[in-house]
Structure formats: C-alpha cells, structure tokens
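Trainee: The sequence and its predicted three-dimensional model are supplied below.
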Amino acid sequence: MNLPNLKKKYLLVLLSLGVVCIVNGQQPFLLKDSEETYRLDQQVEIFIDSAGTLSFDQVSKPEFQQNFKLNSRHGLTFGYLKSPLWIKVTTRNTLPETSWYLEIPAPFLEYVDFYQQQDSTWKHDAVGYYKPHSKREIPHTGFVLPLVFNDDAISTVYIQITGTSPRTFPLFILEKDKFHNKIRLEDIGYGVFFGILIVMFFYNLFIYLTLKQTNYLLYICTIVCTFSIFAAATGYGGKLLWPDAPEMNFYMGRLSLGVLIFFLTIFTIRFLEVRMYSRTMYYILVALIPLSLLSMVLVITRWLPSAGNNLITISTTLFLVTGIVCRMRGNRTANYFIAAWTFYLLGGIFLTLRNSGVFEFNFWTTHFVEIGAALETTIIAFALGDRYRRYKQEKEEAQALAFKFQLEATEKLEAKVKERTEQLTKTNESLTTALETNREQTQIIANKNAELDAFFYRISHDLKGPISSLLGLSYLAKSEVKDAVALDYIDKQQRQIQRLDDIITGLINLTMLNHNDLKKEPIDFKKMVDDCLQSLSRYPNFVTIQIQKSIESSIEYNAEFVLINAILQNLLENAVKYSVRTLPTVQIRIFKEPSWIVIEVEDNGQGIPKEYQSKIFEIFYRATQSSSGSGLGLYILKRSVDILKGTISVTSEKDAGSTFTVRLPAKSVN
C-alpha cells in the first residue's frame, strides 16, 4: 500500500469521526479496560421534554442534537420528575473482542425505552416496571442493553424514561463477564435478605402453632407483606415469581403497603400494650387502621397509586414514637421495638431522600432499607421471644409463690384436719351407738310401712267391690227410673260413686308403684294404647272424640308393664276427660329417638292455665274446683316416669288444648 493512499484513508476516518462528534455534540466515552465498571452519570447528555410531545424520530434528528446538554448534576438525580427524560449515551470500544453491557439498576422505573443504532437503522427495546420479564433479552431485575458498535467502534444509544416513579438512578457500562459476576453477588445478597424473611416466617409460625398467641400470627402477616413489597420493589418477584404478569409488580408492591400498615398497627397496639401506657398514642394508631384500608382502595382504583408509600412514611414514624412513649412509661419490651424501627426508619429516610434527588444512588441509599427491614424483622422476632421468656419467668415465679402459699396452707390444713379428726373420732363413737339404735328403728318403720301398704291395698280392694256394685246399680236404676227428678238424683249419685271409684283405683295403682318386685317384659305399645282407649269408652264424650294414632311398629322395648300402662292410661284419660269442645281431637304419637322412647298425647280441650302448670303433678292437686278428677292421675303418672328415669313436660294454653310429652331412656331397647 502506498503512503499517500494510507494517509488519505486515515484522514477520511478522522474526518468521519469529526463529523459524528459534531452531529452528536458529544465526544464518545472510551471503553478501554474490561476490569472497570464505568459509571457514566456525568458523561451522558440529557434532554427533558417538558411538553411531553416529542417522538424518537424528532429527538434523533441531527438538527435536534443541540438541545441535548451534558449532565451537570452530581449523578442522574431528577427526583419525582413528571416530564419524559431523554438520555443520550455515546461510547467507543477500544477492545474489539470485548462485549459490553449498559445497565440501569433501577427496577422501579416504569417505562424505559432503548433506541440503539445498528448500521443505518435503530433498534427499539421496550423494558420497565410494567414490561414482562419473560420478554426481555437479558433476564435481570434492572434494565440491561447489550451494546452494538458500528464499523468505527462507536455506539449511540438514546434512552427515554417515563412514568411517575422517582428518576434517581445510575447508569453503568461493564464487560459481559463482569456484569454476570456482579449479578451473582446481588443474587446472593438478596438471597440472604429473602432467606432471613423466610426463616423468620417459619420461626414465628412454629411458635404460633405451639403457643397459639395472636401476636405471632399478626407478625407472620407483616413478614408476608414485607416479602411481597420487596419482591416487587427489587425486581426479583417479576423475574422469578410472575415473569409474565408485570401488573403484579404494582399490586404486590403498592397494595401490600396498605395491608402491611393494617397488620403492623394492630400488632404494635397489642405487642406494646399501648392502651395501658398511652391513650393518646393508642387512638392515633387506631386511626391508622381505616387509613390503611383507604390507601388500599386508592391504590386499587389508581386514584392515588402512591397512597401506600405516603402512609408507610407516616406510620413508620408513629410506630417509633409509640415505642419511645411506651418505654418512657415503663414498658421494657419497647427497647427492642425502638431499635427495630430505628433501623427501618433510617433506611426509609435514605431511600426517600435518594428518590427525591437529595442523595445520590449508591449502596447505602439503595440497600439500607432492606438491611433495616431484615434487622427489624429479626429484632422483633427476638422481642417476641424475650416477651415469651419473661412471661414464662413471671409465670414460674407466680407458680413458685403459689406453691409456697399452698404448702403453708396445706400445713395449716393438716393441723386442722388432725384436730377435727380427733373430734370426729369421738363424735363417731357416739354416733355409732346412736346409729345402731336408729337402724333398728328404721327397720321397724320400714316394716310398719310395708304392713301399712299391704293393709291399704287390701282395704282399697275391699272397697273396690262394693263401689263397683253401686256403680252398676246406678246404671240399672237409670235404665228403669222414668221420673225426671229421680233421674237427676241418680245422675248426681252416679258421678259421686264414679269419682270415689276413680280415687280407689288411683290408690290401688299408687300402692303398686311401691312394689320392688315389678318385672320387665316386652311392651306392645299399639295393644296397650287400644286397651287403654277401650277402658275409657265409659266417658260420655268418648264417642264424639276423633282419635289419631301414630305409633312406630319397629319399637322394641322392655320395661315394667304396670308403670308404662299407668303412664299411658293417665295421659289418655286426662286427654279424653277434658276434650269437651265441639270437635274434640286426641292425637297419640309414640316414636323412637337415638336415646329415648317418646310418648306424646295432644288434645284440643280446655287447656291448663299457666299458673297451674307447675303444680299439676302434686298429689291430690286439681287445677280447677270444677274438675271431677281424683287428683291422683297425674301424680301417679309423674311417679311412674321418675321410677323409669324419664322426663315429662307439658305445653298448654287455656282454651287451646294441651300436649304432654314423656321421654323414657331407650337403654332397654334390644
């Protein structure tokens, strides 16, 4: 190659470079060391589109380049800038075999658009908080662009950043392998952070399942919310948990803030026992509960997406102040609480000031909030453990004191027992002598009662015969006598004889209840009901009564026949006797429940006034003076039910009828 031609070629290259620099208005930044991580915050040109109307085609025109100015700020710190931000990066690769990555490690940026020149065209890559991770060229929590250099080793990249998130971030260029090493270190760091949250979750869950204390359950909920918030804020949620659902970043990040405040407020009130130490702080914290719910609504509806962020800033300060107030008033547990929230608050302050543009983007302003969250979670867990330890210690001390009192009381009691035992021994000796005498007297009384029962039974039977004869004669007399006056006297006489017969029958039945030799036999409820009804046909109103029977045929029941018959006879007699209405009805229901045999007799007669219902089972008691009964029927009924270990109840209203319900234990069912 001849020298003049070579000189011309180099001159041409220099001229083309000069043209590029003039057009671009920026000297290319030289990439010359693959071991270096270049931070280009002050080596890029920026343009703020105040009107928000410019497109890339307009911004990339040569005549527009004069509007780009070299960044004069200390870092890329624009705070909560509303207008679109354009960044222009021009670099030159002096190491042809080296691959370079441009990185913006700010996963919270909502919309990031890369425009990179490739030959004569521009390639557009749309990334950001609301873009699926699965569609990114390089899966990373931040935003990464592999740089492409033209034939002159020059790379030109335009970056447009829009959205409402804070515009405070760095811009790095580093060699490919160095980038992956950096990512591995970040993954390890965040793995430790999320690992702490997971360990604290299971630690507190285990304690909750052991102790069943609500404070641990509330704290578990705060850990879950913290995990959700940081998973979204750091980009790891989008990268690993919901790569195809970027909207989850918004809800898991911002909505979880309101949920976190809700649980943290309740936890703080309970954990510090705030109401006991400060009524003022208690009511302030209570006010946070509806505010947290309101913030969730504002986030869901997108009326104020930053509502949760704003409220967490206020809440964190209030939690710390509450801890200080409670500690000043004697709550020792508040020491842990203050320490935990101090770290968290400092991290929040650093992050807020960084987002506002006061602090630059560095390790401490970016990650101290995560360090604070990890420390806060761990310290509160230890505080819960310390509180449980102190409660256990106080309980053991109380038990020891109680044991001491119990021991002293036991010694005193033993002395008194010894004294009383000596007295009782003397008294027992006296009672033993008296008991022997009393036993003999009791046996004499029992024998006398048995003799009286037998005598009374014989007398009742002896009276039963003549009375039955008188009753029969009165029936005959009524059929023979035609005189109206005589018939009236005979009717009155017959009613008195009938009442006397009922009394004697009741007394006979009553003496039978006292017999201990009654034997069990199978009960045929259908036959027994029919026999009882047959015996009641003597009542004048019987033929007018509509009898309705519902008796289960499958009931197998062994019991004393006399007692069951007494129950049914008196229930049915009572129902028939007082069914005096125009259309009288008596319903008999007998059925089996798992543990009971149930007998129900219902009538629509005159009913029993409520004031008499508690006394109707007393001996010789009649609810009305006009009643023709003996006053023994319901007493015998109650005695029979008691002997069978059953229950009886009555539901009745005057002029509306009565329902008697008997329940007998089904233990005798075969």
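Mentor: Noted; the coordinates are in hand.
Trainee: quick one: low-confidence ranges for the stretch 451-600 of the chain?
Mentor: 451-476, 478-479, 481-485, 489, 492, 494-518, 580-581 (pLDDT under 70).
Trainee: Strands along that one, start to end?
Mentor: Using DSSP state E, counting those that start in this stretch, the strands of the stretch 451-600 of the chain run over residues 520-522, 546-551, 558-560, 585-592, 596-603.
Trainee: buried sites along the third one?
Mentor: Neighbour-count burial for strand 558-560 flags 559, 560 (criterion: 16 or more other C-beta atoms under 10 Å). Using the backbone N, CA and C atoms, a C-beta is placed for each residue, glycine as well.
Trainee: can you give me the helices in the stretch 251-400 of the chain?
Mentor: Along the stretch 251-400 of the chain, counting by DSSP state H, counting those that start in this stretch, helices occupy 256-271, 274-277, 279-300, 307-328, 334-356, 363-480.
Trainee: Report the angle between the first one and helix 307-328.
Mentor: What it means is helix 256-271. Relative orientation of helix 256-271 and helix 307-328, computed by axes from the mean of the first three to the mean of the last three C-alpha atoms, to 10 degrees: 20 degrees.
Trainee: Using PDB, write down the CA coordinates of helix 256-271.
Mentor: The C-alpha trace of helix 256-271 is given here as PDB (Å, rounded to 0.1, in the frame of the first residue of the first chain):
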ATOM      1  CA  SER A 256     -49.200  -4.700  50.100                       C
ATOM      2  CA  LEU A 257     -48.100  -1.400  51.800                       C
ATOM      3  CA  GLY A 258     -51.600  -0.800  53.000                       C
ATOM      4  CA  VAL A 259     -52.000  -4.400  54.100                       C
ATOM      5  CA  LEU A 260     -48.700  -4.100  56.000                       C
ATOM      6  CA  ILE A 261     -49.700  -1.000  57.800                       C
ATOM      7  CA  PHE A 262     -53.000  -2.600  58.800                       C
ATOM      8  CA  PHE A 263     -51.300  -5.600  60.400                       C
ATOM      9  CA  LEU A 264     -48.400  -3.600  61.900                       C
ATOM     10  CA  THR A 265     -50.800  -1.200  63.600                       C
ATOM     11  CA  ILE A 266     -52.800  -4.000  65.300                       C
ATOM     12  CA  PHE A 267     -49.500  -5.800  66.100                       C
ATOM     13  CA  THR A 268     -48.000  -2.600  67.700                       C
ATOM     14  CA  ILE A 269     -51.100  -1.900  69.800                       C
ATOM     15  CA  ARG A 270     -51.100  -5.500  71.100                       C
ATOM     16  CA  PHE A 271     -47.400  -6.000  71.400                       C
END
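Trainee: Can you list the buried residues in it?
Mentor: Applying 16+ other C-beta under 10 Å to helix 256-271 flags 256-269, 271 as buried.
Trainee: For stretch 244-262, which outside residues touch it?
Mentor: 129-134, 221-222, 225-226, 228-229, 231-233, 237-238, 241-242, 288-289, 291-293, 295-296, 299-300, 305-309, 311-312, 315 (C-beta atoms under 8 Å, 6 or more residues apart in numbering).
Trainee: Between the two ends of that stretch, how far is it?
Mentor: Start to finish, the residues bounding stretch 244-262 are 29 Å apart (C-alpha to C-alpha, to the nearest Å).
Trainee: roughly how far is it from the heart of the chain?
Mentor: In terms of C-alpha atoms, centre = their mean, to the nearest Å, the centre of stretch 244-262 is found 23 Å from the chain centre.
Trainee: Next, the contact list for residue 637, please.
Mentor: So residue 637 contacts 566, 567, 570, 571, 617, 648 (C-beta under 8 Å, 6+ apart).
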